[in-house]
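> No letters, just coordinates:
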């Protein structure tokens, strides 16, 4: 009975605190609990940490971190800069969260329960690497590139329980996707844009939070977590441009995988593609002396590759592959893995 009374008393104190410090009376600098893990979230953490050290125009007064992995980018940075760390799942979530006014989530990978979200007077906000509701999910950058999107951006949204990326949109910044940009470069660019926009939103909170708009779920697309199967390709089924876009999307994650003369071959970089209606057999392969590229016939054209490998061998240039595998062969085709 005594424990029940103590819990009820604590809840009353929290509710009183939230009523006294209504959205209209709150203003920066903020006490922030940051939830993140990877190098995408690290950019936002660095920006918030820098703000916490400023003597003037300070947006962050207190900063602590919640993370999941002993080897995460976020944990290493926090340890190096002596930022207090909390391991996920939180041992006493309500006791921890009530010390902060807002929770910030960036590439965390875990659903946040309702009782944690509601423990923050300003709730929780999230940085997401797409123009929601397009590409909800774990891999928005990869799916945007693979689909050949010409634009993407950053969304700052409110966190809601039970599902990822469904919260109200607070702010967005749109950018164009260059046809030649690859995943690592786009990833780093969006991480910086996300960090900048996050700080701007915190600067203009809480008033900007009141202007958040509901997402249109009818036009939502999904960006689920990827695996190596996404890299398996079939020249008889896929167009040259689609293969080029897939290579850009998976750069730094998985090389594309096909088969040549019964051996699995990894295509580490598709440099370009060409559409054509020539009569060459799908899967045909040639070496171009002028461009120094291996060209492979896809469904509607050619992809041009400059780095390849076979099992047990180092990555080869197109010329090295030609000398080792094509020079003595009159004709052979790439096939499905």
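Done, it's in. Model, not experiment: these values are computed from the prediction.

> which residues of the chain fall in strands?
For the chain, the strands defined by DSSP state E cover 30-36, 60-67, 85-87, 102-106, 124-128, 151-158, 169-176, 256-260, 263-275, 285-288, 293-297, 301-309, 316-317, 334-335.

> tell me the mean pLDDT over the longest one?
So the one you mean is strand 263-275. Throughout strand 263-275, pLDDT has a mean value of 96.

> which of the residues in that strand are buried?
Buried residues in strand 263-275, counted by 16 or more other Cβ atoms under 10 Å: 265-273. Bear in mind the C-beta positions are built from the backbone N, C-alpha and C, glycine included.

> now, among these, which is nearest to residue 326?
Nearest to residue 326 among those, counting by Cβ to Cβ, is residue 265 at 11.7 Å.

> sorry, back to before: comparing the strands of the chain by mean pLDDT, which bottoms out?
Across the strands of the chain, strand 334-335 gives the lowest mean pLDDT, at a mean of 80.

> what does that strand rub up against?
With Cβ atoms under 8 Å, 6 or more residues apart in numbering as the test, strand 334-335 has contacts from 235, 258-260, 265, 283-285, 296.

> cutoff 6 Å now
Defining contact as Cβ atoms under 6 Å, 6 or more residues apart in numbering, one finds that strand 334-335 is touched by 235, 258-260, 283, 285, 296.

> same question, stretch 180-189
Applying Cβ under 6 Å, 6+ apart, the set of residues contacting stretch 180-189 is 141, 145, 248-249, 251-252.

> quick one: residue 336 and residue 235 touch, right?
No: applying Cβ atoms under 6 Å as the test, residue 336 and residue 235 come out as separate, 7.4 Å apart.

> Which one's more surrounded, the two?
Taking neighbours as other Cβ atoms under 10 Å, residue 336 and residue 235 compare with residue 235 leading, 23 against 14.

> so where's the stretch 1-150 of the chain uncertain?
Low-confidence segments of the stretch 1-150 of the chain (pLDDT under 70): 1-25.

> in it, which spans are helices?
With DSSP state H, counting those that start in this stretch as the criterion, the stretch 1-150 of the chain has helices at 2-20, 39-53, 73-80, 93-97, 114-117, 140-146.

> cool, and the stretch 201-337 of the chain?
Under DSSP H, counting those that start in this stretch, the stretch 201-337 of the chain gives helices at 240-250, 318-321.

> just these: most buried one?
Of all those, helix 240-250 has the most neighbours on average by mean count of other Cβ atoms under 10 Å, namely a mean of 22.

> What helices and strands are in contact with that helix?
helix 140-146, strand 263-275, strand 301-309 (3 or more Cβ pairs under 6 Å, 6 or more residues apart in numbering; DSSP states H and E).

> Go again with 10 Å.
Using 3 or more Cβ pairs under 10 Å, 6 or more residues apart in numbering; DSSP states H and E, the elements in contact with helix 240-250 are helix 140-146, helix 183-203, strand 256-260, strand 263-275, strand 293-297, strand 301-309.

> how big is the angle separating the last one from helix 240-250?
Okay, so that is strand 301-309. Strand 301-309 runs at 30 degrees relative to helix 240-250, counting by axes from the mean of the first three to the mean of the last three Cα atoms, to 10 degrees.

> got the buried residues for strand 301-309?
For strand 301-309, by 16+ other Cβ under 10 Å, it's 301-309.

> That one: partners in the sheet, and parallel or antiparallel?
Here strand 301-309 is paired, per DSSP bridges, with strand 263-275 (antiparallel), strand 293-297 (antiparallel), strand 316-317 (antiparallel).

> Make TSV out of the helices and strands packed on helix 240-250 and add distance to residue 242.
Shown next, in TSV, are the helices and strands packed on helix 240-250 (distance: least, Cβ to Cβ, whole Å):
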stretch	distance to residue 242
helix 140-146	8
helix 183-203	16
strand 256-260	11
strand 263-275	9
strand 293-297	14
strand 301-309	10
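
> Now stretch 204-211: average pLDDT?
Per-residue pLDDT over stretch 204-211 has a mean of 95.

> How is the chain divided into domains?
Domain segmentation of the chain under automatic domain parsing yields 2-219, 228-335.

> Most neighbours of all the contacts of strand 334-335, which one?
Of all these, residue 296 has the most neighbours under the rule other Cβ under 10 Å, reaching 26 neighbours.

> gap between it and residue 201?
Distance of residue 296 to residue 201, given as Cβ to Cβ, to the nearest Å: 46 Å.

> Which residues does residue 269 form beta bridges with?
Note on residue 269: beta-bridge partners by DSSP bridges are residue 307.

> That one against residue 315, yeah?
Yes: between residue 269 and residue 315 there is a contact under Cβ atoms under 10 Å: 9.2 Å.

> returning to that earlier point: can I get the contacts of stretch 180-189 in a markdown table with distance to residue 178?
Formatted as a markdown table, these follow (distance: Cβ to Cβ, whole Å):
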| residue | distance to residue 178 |
| --- | --- |
| 141 | 14 |
| 145 | 11 |
| 248 | 10 |
| 249 | 14 |
| 251 | 14 |
| 252 | 17 |
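
> Test my guess that residue 103 contacts residue 66.
Yes: if you go by Cβ under 10 Å, residue 103 and residue 66 touch, sitting 8.4 Å apart.

> Leaving out chain neighbours, which residue sits closest to residue 316?
residue 308 (5.5 Å; Cβ to Cβ, 6 or more residues apart in numbering).
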